[in-house]
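1. Model the structure of this input:
(one chain, ligands or ions: 3)
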Amino acid sequence: MRTLLADHPLVTHKLTLLRDASTDTATFRILTDELVTLLAYEATREIRAVPAEVTTPVGIALGARLADPKPLIVPVLRAGIGMLDGMTRLLPMASVGFVGMVRDEESLVASTYANRLPARLDGREVFVLDPMLATGGTLVTVVSMLLDRGAAAVTAVCLLAAPEGMARVEAAFPGDNVRVVTGAVDERLNDKGYIVPGLGDAGDRLFGEI
Ligand SMILES: O=P(O)(O)OC[C@H]1O[C@H](OP(=O)(O)OP(=O)(O)O)[C@H](O)[C@@H]1O
Ligand SMILES: O=c1cc[nH]c(=O)[nH]1
Ligand SMILES: [Mg+2]
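-> Ligands and ions are numbered 1, 2, ... in the order given. Next up, the predicted model:
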């Protein structure tokens, strides 16, 4: 696994507002949307492209266009849905698959309750969206599902990560075909598996407690 800490001042500024316990749901959604576009800029740095010529009003320019097959975006339900619009705005040609995961509040073990992924992903680049990388159980499961289907490279875009989760993902995927891009790596997990200082429960802050 490779890690990219995207600690650009704008990212840190928006993350600071996001962390604030007094930030309301409407503002939290807007900040999440803005943050994902900033993180996506870093996350797509290695996206495959091929040379392409274009005729300008003045001449021929040599540019580039994204290569086929087009990438897949996978938001992890529920909280990852809050990052989907920002990502598809930058990659409108990408298709979108869905995985639903929930962590047991006591055991912290993540289980899969929804899977709408293509049967095969041979040669595809995949971008996983999940705001929180805590114990890493959720991300290890999702990345395994994608690599098992043949994905060529998986990049997870997270707003916040804990060192414990980073270490677990690194141990599970030592190769360089898995990357994590995050806005910050916080201090630790607390005894309830929450990131400290973190921002609380991202799903609840985006969509309310259920
Ligand atoms: O790294 P982990 O320890 O596995 O924890 C991270 C996961 O926990 C949260 O999901 P949650 O289970 O709260 O579901 P939700 O998105 O529906 O709120 C979060 O959105 C991540 O998916
Ligand atoms: O701090 C945390 C940890 C897991 N999931 C969250 O939403 N927040
Ligand atoms: Mg939650």
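2. Could you check the pLDDT of the residue located most distally from the centre of the chain?
-> What lies farthest from the middle of the chain is Val58; by CA atoms, centre = their mean that is 39.9 Å. Looking at Val58, its pLDDT reads 98.
3. which non-adjacent residue is nearest Asn115?
-> Val99 (5.7 Å; CB to CB, 6 or more residues apart in numbering). Bear in mind the C-beta positions are built from the backbone N, C-alpha and C, glycine included.
4. what's across from that neighbour in the sheet?
-> Val76, Asn115 (DSSP bridges).
5. Burial check on it, number of neighbours?
-> 22 (other CB atoms under 10 Å).
6. OK, contacts around the residue in the chain that ligand 3 sits nearest to?
-> Relative to ligand 3, the nearest point of the chain is Gly203 (3.1 Å; CB to the ion). Gly203 makes contact with 78-79, according to CB atoms under 8 Å, 6 or more residues apart in numbering.
7. now it: how far from Thr25?
-> Relative to Thr25, Gly203 is positioned 11 Å away (CB to CB, to the nearest Å).
8. swap in Gly136?
-> 27 Å.
9. pLDDT below threshold where in this protein?
-> For the chain, no stretch is flagged by pLDDT under 70.
10. Spell out the secondary structure type for the closest residue to ligand 1 within it.
-> Residue nearest to ligand 1 within the chain: Gly203 (2.2 Å; CB to the nearest ligand atom). Assigned with DSSP: H, G, I helix; E, B strand; the rest coil, Gly203 falls in the helix class.
11. Kindly list the main-chain dihedrals of the residue farthest from the centre of the chain?
-> Val58 has phi and psi values of phi -110, psi -20 when expressed as degrees, to the nearest 10.
12. What lies in contact with stretch 48-56?
-> 60-67, 125.
13. Enumerate the positions of that stretch that are buried.
-> The neighbour-count check on stretch 48-56 (16 or more other CB atoms under 10 Å) flags nothing as buried.
14. Kindly report the same for stretch 121-131.
-> 121, 124-131.
15. close to ligand 2, is that stretch?
-> No. Residues of stretch 121-131 are not located near ligand 2 by CB under 6 Å from any ligand atom, the shortest gap being 6.9 Å.
16. Does that stretch reach ligand 1?
-> Yes. Using CB under 6 Å from any ligand atom, stretch 121-131 comes into contact with ligand 1 via 130-131.
17. Of the contacts of stretch 48-56 - the most surrounded one?
-> Glu125 (23 neighbours).
18. ok, so what distance separates the residue nearest to that one when sequence neighbours are not counted from Val143?
-> Distance criterion CB to CB, 6+ apart; nearest residue to Glu125, sequence neighbours excluded, is Pro71 at 4.5 Å. As defined by CB to CB, Pro71 lies at a distance of 15 Å from Val143.
19. And the two? Which one has more around it.
-> Higher neighbour count among Pro71 and Val143: Val143, with 25 against 21, using other CB under 10 Å.
20. what sits against Ala161?
-> 132-133, 180, 182, 184-186, 195.
21. one more time with 7 Å
-> 133, 180, 182, 185 (CB atoms under 7 Å, 6 or more residues apart in numbering).
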